[in-house]
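S.K.: Return atomic coordinates for the entry below.
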Amino acid sequence: MMSRAGAVQEAGAVQEAGAAGPRGQGGAKGTVWDQGVGEGESEMQVEEARRLLVERLGGGPEPPSPESAREVIAQLAHPGTLGPLVRRLSVGDLELAECVRLSYRHVLGFDKLLLLPGAPRFMLRVHFWHGTAGAVSEDIHNHRCAIASAVVRGSVRMECYQPAADGVPAVAYRESIDGPGGAWRLRRVGEARLRLRLLHSEQYGAGRSYGLAARTLHRVVSEEPTVTLFLETAPQRSVTDVYVRSRGRVGGSGSVPHSGDDPGRTVGPARVVGDVSAARAERADPPPKTPLPPAVYLAELDALAGSLGY
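M.R.: As a prediction, the model looks like this:
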């Protein structure tokens with residue numbers, strides 16, 4: 001049987017570890033944090049963070065690897081780094097108009113706040129998952145670029161998928177965006193069957209991070225109030241793939257079979273976005289993005305900085 005390390009290496013898409021910054025010690029199971037930076041250092045945090053992102057992600061023709069993205073997001077998510085950075089940004093005198101313009105309540109119910117704009121090389125964001133009852137589940141999808149995420153507070157479950165003849169039926173869509181901050185557009189492209197990738201339905205708690213290659217199919221589930229630091233790297237393509245599962249043809253338990261497991265074993269609920277007839281009807285475009293009010297943007301940053309001790 002293939003080992004866990006072998007499966008991760010062979011997949012070439014998911015890199016994960018405990019988040020570790022310059023003052024912490026991290027491992028696959030978590031991180032031990034110690035004291036953050038002292039007073040007076042917060043003024044340097046913004047430019048230091050930009051410089052770190054540029055140095056670690058590079059500017060050559062080759063896109064950054066998921067592992068390099070994960071390493072830098074893990075360092076930036078360290079409370080002693082993220083706390084003063086967010087506190088400085090919460091003052092509201094650094095690129096506030098640009099950050100607010102590209103910050104919005106996502107269609108899935110979480111707040112997506114831009115911290116540091118750096119397109120086309122990077123976009124550093126923070127996601128606030130409110131953990132509200134009845135929140136819409138995320139569709140299976142991939143990205144235009146390699147991404148990385150670090151859990152600051154709470155937890156998420158990340159599920160990776162791959163096509164399989166005996167997988168769960170789904171309808172495939174191609175998603176595009178009308179420019180930076182523009183509306184999403186969905187175009188149906190056909191039918192598909194998907195299956196959970198071996199060994200990758202995993203819970204990530206505070207202090208852990210992961211990186212994904214651009215084309216890795218996945219979805220993230222958060223069922224409690226959660227904050228994640230999220231990094232988008234240089235775009236590798238102009239579209240993403242989105243898969244909407246068909247509830248009417250999933251097994252009686254409503255769960256998704258795990259690749260490599262016994263047919264009777266399941267991992268996680270197969271909750272579906274949209275109507276039961278989604279496999280036979282066109283999916284409507286998501287609603288337009290509406291920028292968050294500046295007061296809401298600054299209040300969320302203020303609350304996050306305070307929760308980190310700054």
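
S.K.: Could you use CA atoms for every contact and neighbour count after this?
M.R.: OK.

S.K.: SS state for residue 125?
M.R.: The local conformation at residue 125, judged by DSSP: H, G, I helix; E, B strand; the rest coil, is strand.

S.K.: Residue 289 now?
M.R.: Applying three-state DSSP: residue 289 is coil.

S.K.: I'd say it and residue 178 touch.
M.R.: No - Residue 289 is beyond contact range of residue 178, at 11.0 Å (criterion: CA atoms under 8 Å).

S.K.: quick one, which of these two is more surrounded?
M.R.: Between residue 289 and residue 178, counting by other CA atoms under 10 Å, residue 289 is the more crowded of the two (17 against 9).

S.K.: show me where the protein has helices.
M.R.: For the chain, the helices defined by DSSP state H cover 4-11, 45-57, 66-76, 79-89, 96-101, 294-307.

S.K.: and those helices as TSV, adding mean pLDDT?
M.R.: Shown next, in TSV, are the helices of the chain (pLDDT from 0 to 100):
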stretch	mean pLDDT
helix 4-11	32
helix 45-57	94
helix 66-76	97
helix 79-89	95
helix 96-101	95
helix 294-307	97
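
S.K.: Minimum distance to residue 211: which of those has it?
M.R.: Among the helices of the chain, the nearest to residue 211 by CA to CA is helix 66-76 (4.6 Å).

S.K.: residue contacts, the closest residue to residue 226 other than its chain neighbours?
M.R.: Of all residues not flanking residue 226 in the chain, residue 154 sits nearest, at 4.2 Å (CA to CA, 6 or more residues apart in numbering). Taking CA atoms under 8 Å, 6 or more residues apart in numbering, we find residue 154 in contact with 205-206, 224-227.

S.K.: Now which of the residues you listed would you call buried?
M.R.: Taking 16 or more other CA atoms under 10 Å as the criterion, what is buried in the contacts of residue 154 is 205-206, 226-227.

S.K.: Tell me which two of these sit farthest apart.
M.R.: Among the buried ones among the contacts of residue 154, 205 and 227 lie farthest apart (CA to CA), at 10.2 Å.

S.K.: Can you work out which residues contact both of the two?
M.R.: 151-154.

S.K.: Look up phi and psi at residue 77.
M.R.: phi -80, psi -10 (degrees, to the nearest 10).

S.K.: What's the separation between it and residue 131?
M.R.: Distance, residue 77 to residue 131, by CA to CA, to the nearest Å: 21 Å.

S.K.: higher neighbour count, those two?
M.R.: Neighbour totals were compared for residue 77 and residue 131, and residue 77 leads with 26 against 16 (other CA under 10 Å).

S.K.: in the stretch 51-200 of the chain, which ranges drop under the pLDDT threshold?
M.R.: Judged by pLDDT under 70, the stretch 51-200 of the chain has its weakly predicted residues at 133-136, 179-182, 198-199.

S.K.: Which residue ranges of it form strands?
M.R.: 104-105, 111-118, 122-129, 140-141, 147-153, 155-177, 184-205 (DSSP state E, counting those that start in this stretch).

S.K.: So which of those has the densest surroundings on average?
M.R.: strand 147-153 (a mean of 28; mean count of other CA atoms under 10 Å).

S.K.: Contacts only, for residue 189.
M.R.: 171-174.

S.K.: now swap in residue 50 and tell me
M.R.: With contact set as CA under 8 Å, 6+ apart, residue 50 has these partners: residue 116.

S.K.: Also residue 293?
M.R.: Taking CA under 8 Å, 6+ apart as the test, what residue 293 contacts is residue 100.

S.K.: just to revisit the earlier point, generate CSV for the helices of the chain, with distance to residue 231 as supplementary columns.
M.R.: Shown next, in CSV, are the helices of the chain (distance: least, CA to CA, whole Å):
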stretch, distance to residue 231
helix 4-11, 21
helix 45-57, 10
helix 66-76, 7
helix 79-89, 13
helix 96-101, 15
helix 294-307, 17
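
S.K.: Find me the pLDDT at residue 282, would you?
M.R.: Listed pLDDT for residue 282 reads 59.

S.K.: Ramachandran angles for residue 290?
M.R.: phi -120, psi 120.

S.K.: count of neighbours near it?
M.R.: For residue 290, the count of nearby residues is 16 (other CA under 10 Å).

S.K.: Looks like it contacts residue 100 (just checking).
M.R.: No - with contact defined as CA under 8 Å, residue 290 does not reach residue 100; the gap is 10.0 Å.

S.K.: Identify the bridge partners of residue 190.
M.R.: residue 172 (DSSP bridges).

S.K.: And it, how close does it get to residue 174?
M.R.: Taking CA to CA, one finds residue 190 at 10 Å from residue 174.
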